[in-house]
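1. Prediction below, plus the sequence it came from.
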Amino acid sequence: FDERVDKSHTLRLSPALILIWGFGDAIHPVLILEAPEDVKVFRFNPNKPNFVAGGCNNGQVILWDISEHQERLEKHHQASRASIDSAQKDGGKEKNVLELNEKLHQCPVVRFCATASIEHGHHSPVCDLAWLPTHYEVNRQGSIVASEEKACNQLITCAADSSVLIWDLRPTTRRTGESTKEIPHPAEAVVGSNKHPGKVPDTFKHLDLVWRPLVKLQLQRPGGGWPLSPTAVSIHESHKIPAGVVTKKEQKVQTEDVSEEKLKAEVSVEGIPSKFYLGTEDGDIVYADIQLHRDTESNRLVASMPEECITAHCGAVNSLQRSPFFRDILLSVGSFSFAIWKEAAGRDGPLLQSSSSAIPLSGGQWSLTRPGVFFITKANGNVDVWDLSEKSHDPVLSQNVCPLPITAISPSIQPGKRRPGFLALGDRCGTLHVVELPWSLNHCSGPEEIAARGFFDREVERIAYSKERQVLNAAAFRKQEGDDVGPGTSVQESEANTTARMQQEFREYLDLEKKLLVQHGLREPDPDVD
């Protein structure tokens, strides 16, 4: 914080940018996304990758539309592959590739299309963001309904201001008479060129500065107490329509004798997982529900009480990731430890929890190719690789990447069986590091998915057995105390005997303390009383 205050004049003059890079050119970015404030988190729409959503330090949520630059991205990808192939051949065709690369070096700056309303958004930096799946959405009453468009139109954000917000990209009312022309931006939008002025697509023009959250959740600890401060969110983001989910259009085709008013009404869907996980600033792992319920006293829609709230870390949770192979397995990373959880079974504790590290942990990610492998980043610039199929008490590899704390991590895989895997890492100074993963960490050896599922199932059985033994041991202890008292003794008599025994032990302790003080000359002996 002090460093940010000292450099406040520099931060105001420097723009907030997101750089999109390609593997073919490590000097010039492919695309630059301009933001009104420093962006803490951003996500591409999984259904429409041309839409990008980000969360800023001032609590605003912003949107970009890079549809106009899709052709440029494809050409840059082709030029990158051509330059790599031509480097392995003669230099006759390399000049044409270099000329094409010089044209692509003029990187355009894409200005944001819409920003959320400051008054109705978060009041602290947006900590995490996630897109809702394509097969369901949330209405204004906080109910889960089947998605008619089967597209990602909603996203969920969380911040440390104790709020979880759900946003909708679609307009609340259909607007007519709006111009479809692009809005010119006075600033130049191409680096190194003054001929092409910047333009902003009007895709989200209806949301700019008036965008409000659709649903606002204020979560509190179970049983009352202070509000929770979320820092990470994870939903069951399987972007596939599960079996049994029927949208309104499909229901209209299947149903004949239904009135039009009933068809227009949104149909709630049973069986869709509406639960989600949260990591908080205090190190808690919270299992809550998106759906709202009506309070009997105030008759208002309020957030449901979290089902689980377990203190798992001694600091803020900075990462909460689901396994790409098992959607019910989560990895949480706190300040000095990490833990692996199973959804809907977290109240019994984590499946695996590491010991406290001497160096703070900054993040974590699952491997995209191996079910039992995950990566943990540290504040000293190291990356620890854990392989549960080999050992679960120590990392199999620890690699130093940079001397600065690593703040972001993202794995990537290239199409093809023989293609290598990469790990993108960002440090505190804004430097991007791309590390190529070795063959053993990028390719499975045998049925590893079955082995990983067996490991998690055995841990669940172990926790259940341990809990059962605790109950049996407590019952046996109570039975033993009852046998020591004797048959036919009432509960009140047993409690009275326990109280008398504790008082007698306390008097014996005081006598022993007095005797030791007298022996060491710290207290005068009591005079004998006849």
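-> Nice, I can see it.
2. State the three-state secondary structure for Ala475.
-> helix (DSSP: H, G, I helix; E, B strand; the rest coil).
3. now the one 3 residues further on
-> Of the three states, Arg478 takes helix under three-state DSSP.
4. can you tell me how far it sits from Leu472?
-> 11 Å (Cβ to Cβ, to the nearest Å). For the C-beta atoms, the positions are set from N, CA and C on the backbone; glycine is no exception.
5. what about the stretch 401-530 of the chain, any weak spots by pLDDT?
-> 415-419, 482-494, 528-530 (pLDDT under 70).
6. scratch that, the stretch 151-300 of the chain
-> For the stretch 151-300 of the chain (pLDDT under 70), the answer is 173-198, 237-271.
7. Show me the strands in it, by range?
-> According to DSSP state E, counting those that start in this stretch, the stretch 151-300 of the chain carries its strands in the segments 154-159, 163-168, 183-188, 197-200, 215-218, 230-235, 275-280, 284-289, 292-294.
8. Turn the ones you listed into CSV, columns for mean neighbour count and distance to His120.
-> Below are these laid out as CSV (neighbours: other Cβ atoms under 10 Å; distance: least, Cβ to Cβ, whole Å):
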stretch, mean neighbour count, distance to His120
strand 154-159, 24, 12
strand 163-168, 22, 9
strand 183-188, 12, 23
strand 197-200, 17, 22
strand 215-218, 19, 9
strand 230-235, 23, 18
strand 275-280, 24, 21
strand 284-289, 22, 21
strand 292-294, 14, 17
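9. Looking at those, spot the one closest to Val110.
-> Closest of the strands of the stretch 151-300 of the chain to Val110 is strand 197-200, at 8.4 Å (criterion: Cβ to Cβ).
10. Break down the stretch 1-150 of the chain into its strands, ranges please.
-> 16-20, 31-35, 39-44, 51-56, 61-65, 109-111, 114-115, 126-131, 136-138, 144-146.
11. Mean pLDDT and mean neighbour count for those strands - can I get that in a markdown table?
-> Shown next, in a markdown table, are those (pLDDT from 0 to 100; neighbours: other Cβ atoms under 10 Å):
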| stretch | mean pLDDT | mean neighbour count |
| --- | --- | --- |
| strand 16-20 | 90 | 16 |
| strand 31-35 | 92 | 20 |
| strand 39-44 | 94 | 17 |
| strand 51-56 | 95 | 24 |
| strand 61-65 | 95 | 24 |
| strand 109-111 | 91 | 20 |
| strand 114-115 | 93 | 23 |
| strand 126-131 | 95 | 23 |
| strand 136-138 | 87 | 22 |
| strand 144-146 | 84 | 20 |
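12. Of all the ones you listed, which one is nearest Pro403?
-> strand 16-20 (21.7 Å).
13. Pull the number of nearby residues for the residue nearest to Gly421 when sequence neighbours are not counted.
-> The shortest distance from Gly421 to any non-neighbouring residue, by Cβ to Cβ, 6 or more residues apart in numbering, is to Asn442 (3.7 Å). Look at Asn442: counted by other Cβ atoms under 10 Å, it has 21 neighbours.
14. so Asn442 touches Val385, yeah?
-> No - Asn442 lies out of contact with Val385 (Cβ atoms under 8 Å); the separation is 11.2 Å.
15. Can you say which of the strands of the stretch 1-150 of the chain is nearest to Pro360?
-> That would be strand 126-131 among the strands of the stretch 1-150 of the chain, by Cβ to Cβ, at 17.0 Å.
16. Adjacent strands (with direction) for the closest one?
-> strand 154-159 (antiparallel) (DSSP bridges).
17. related to what we said a few turns ago, among the strands of the stretch 1-150 of the chain, which comes closest to Trp366?
-> Here strand 126-131 is closest among the strands of the stretch 1-150 of the chain (Cβ to Cβ), at 15.3 Å.
18. between the closest one and strand 61-65, how big is the angle?
-> Orientation check (axes from the mean of the first three to the mean of the last three Cα atoms, to 10 degrees): strand 126-131 against strand 61-65 gives 50 degrees.
19. Give me the angle between strand 126-131 and strand 163-168.
-> 40 degrees.
20. Could I have the CA atoms of strand 126-131 written out in CSV?
-> Taking C-alpha atoms only, strand 126-131 is exported to CSV below (Å, rounded to 0.1, in the frame of the first residue of the first chain):
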residue,chain,number,x,y,z
VAL,A,126,-13.0,-7.0,-7.5
CYS,A,127,-11.1,-10.1,-6.3
ASP,A,128,-12.5,-12.8,-8.6
LEU,A,129,-14.8,-13.3,-11.6
ALA,A,130,-16.5,-16.3,-13.3
TRP,A,131,-18.9,-16.8,-16.1
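21. List the contacts of it.
-> 40-43, 45-47, 53-57, 59-61, 152, 154-160, 230-235, 237, 320 (Cβ atoms under 8 Å, 6 or more residues apart in numbering).
22. check contacts around Ala344.
-> Lys275, Tyr287, Asp328.
23. any idea how far the first one lies from Gly346?
-> What that stands for is Lys275. 11 Å.
24. Mutual contacts of the two, please.
-> Common neighbours of Lys275 and Gly346 (Cβ under 8 Å, 6+ apart) are Tyr287.
25. now for stretch 158-172, what's the gap between its first and last residues?
-> 22 Å (Cα to Cα, to the nearest Å).
26. how about the helices in the stretch 301-450 of the chain?
-> Taking DSSP state H, counting those that start in this stretch as the criterion, the stretch 301-450 of the chain contains helices spanning 439-442, 448-485.
27. roughly how far is the first one from the heart of the chain?
-> Meaning helix 439-442. Counting by Cα atoms, centre = their mean, to the nearest Å, helix 439-442 is centred 25 Å from the centre of its parent chain.
28. tell me which residues of that helix are tucked away?
-> In terms of neighbour count (16 or more other Cβ atoms under 10 Å), helix 439-442 has its buried residues at Leu441, Asn442.
29. Return the set of buried residues in stretch 203-215.
-> Neighbour-count burial for stretch 203-215 [16+ other Cβ under 10 Å]: Thr203, Phe204, Lys205, His206, Leu207, Asp208, Trp211, Pro213, Leu214, Val215.
30. so how far is Ser335 from the last one?
-> Applying Cβ to Cβ, one obtains 30 Å for the distance of Val215 from Ser335.
31. Phe276 now?
-> Distance from Phe276 to Ser335, by Cβ to Cβ: 22 Å.
32. just Asp282 next, same as before
-> On the measure of Cβ to Cβ, Asp282 and Ser335 end up 11 Å apart.
33. swap in Arg212?
-> 34 Å.
34. what does Cys107 give?
-> 37 Å.
35. Which of those two has more residues huddled nearby?
-> Between Cys107 and Ser335, counted using other Cβ under 10 Å, the more crowded position is Cys107 (22 against 17).
36. wait, isn't the more buried one in contact with Leu33?
-> No - in this structure, Cys107 is not within contact of Leu33 by Cβ under 8 Å, at 10.9 Å.
37. related to what we said a few turns ago, make JSON lines from the strands of the stretch 151-300 of the chain and add distance to Ile463 to it.
-> Shown next, in JSON lines, are the strands of the stretch 151-300 of the chain (distance: least, Cβ to Cβ, whole Å):
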{"stretch": "strand 154-159", "distance to Ile463": "28"}
{"stretch": "strand 163-168", "distance to Ile463": "28"}
{"stretch": "strand 183-188", "distance to Ile463": "56"}
{"stretch": "strand 197-200", "distance to Ile463": "53"}
{"stretch": "strand 215-218", "distance to Ile463": "29"}
{"stretch": "strand 230-235", "distance to Ile463": "21"}
{"stretch": "strand 275-280", "distance to Ile463": "18"}
{"stretch": "strand 284-289", "distance to Ile463": "15"}
{"stretch": "strand 292-294", "distance to Ile463": "30"}
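38. Please consider this matter closed, and thank you.
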